[in-house]
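Trainee: based on what follows, work out the 3D shape:
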Amino acid sequence: MIKTVVFTKWIKVAVSALLTVTILTGCGFHLRGDYLLPDEMQTLYVSSQDPHGELTRFVKTHLKDNDVKVMNKSGANIPELRILKDLLNRRTLSLFENGQVAEYELTYSVRYEVRFENKETQRYNFDLTRNYQDDPDRALAKSRELSLLRKEMRIEAASTILRNLASTEL
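Mentor: Model prediction:
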């Protein structure tokens, strides 16, 4: 009797999961990270003030992961994604009783533009914000945590750029 009840519940869960996946697949749902860029952007030239910077590398990697051909040189009829500026700022949010900084707010600002031949340049900018708690007693661990947080913000910025490219009106 107990086995039958457990088996019946398991079947209901399996059928519900299968039905949910089928409905989501049927309506065209995609997990984040899979961007459908317009046909005009399937070949793209990426330029930056810091061509070897982390953000530029992440953007190029995301583009290649989405089957976009990233060109090494600019050319005729090739759209250009130009990363104009990426800047990480921090400001103090709170202090310990002894006057040392307890918490920072990190703001990562990105400005970029998309250029098409014979069309007006489209400019974009956005900010990502994170809070970071500092602890002077654990300086090495907090330094590593800050480094990972900066990397995570750059990865999110690259994803944001691709989402914006996917929704760009040509």
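Trainee: now do the helix ranked longest in the chain, average pLDDT.
Mentor: Counting residues, the longest helix in the chain under DSSP state H turns out to be helix 139-166. Mean pLDDT, computed over helix 139-166, is 90.
Trainee: check stretch 88-96 too.
Mentor: Here the average pLDDT along stretch 88-96 is 89.
Trainee: do the same with stretch 54-61
Mentor: According to the model, stretch 54-61 has a mean pLDDT of 96.
Trainee: mind listing the helices for the chain?
Mentor: Along the chain, the stretches classed as helices by DSSP H are 2-26, 54-65, 139-166.
Trainee: quick one: contacts of the shortest one?
Mentor: Right, helix 54-65. For helix 54-65, the external contacting residues (CB atoms under 8 Å, 6 or more residues apart in numbering) are 33, 35, 44, 46, 48, 50, 70, 81, 83, 86, 110, 151, 154-155, 157-159, 161-162. Backbone N, C-alpha and C define where each C-beta goes, glycine included.
Trainee: buried set for that helix?
Mentor: For helix 54-65, the buried set under the neighbour-count rule, 16 or more other CB atoms under 10 Å, comprises E54, L55, T56, R57, F58, V59, K60, H62, L63.
Trainee: I'd like those residues written out as TSV, with distance to P136 added.
Mentor: As requested, the buried residues of helix 54-65 are arranged in TSV below (distance: CB to CB, whole Å):
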residue	distance to P136
E54	27
L55	29
T56	33
R57	32
F58	31
V59	35
K60	37
H62	36
L63	40
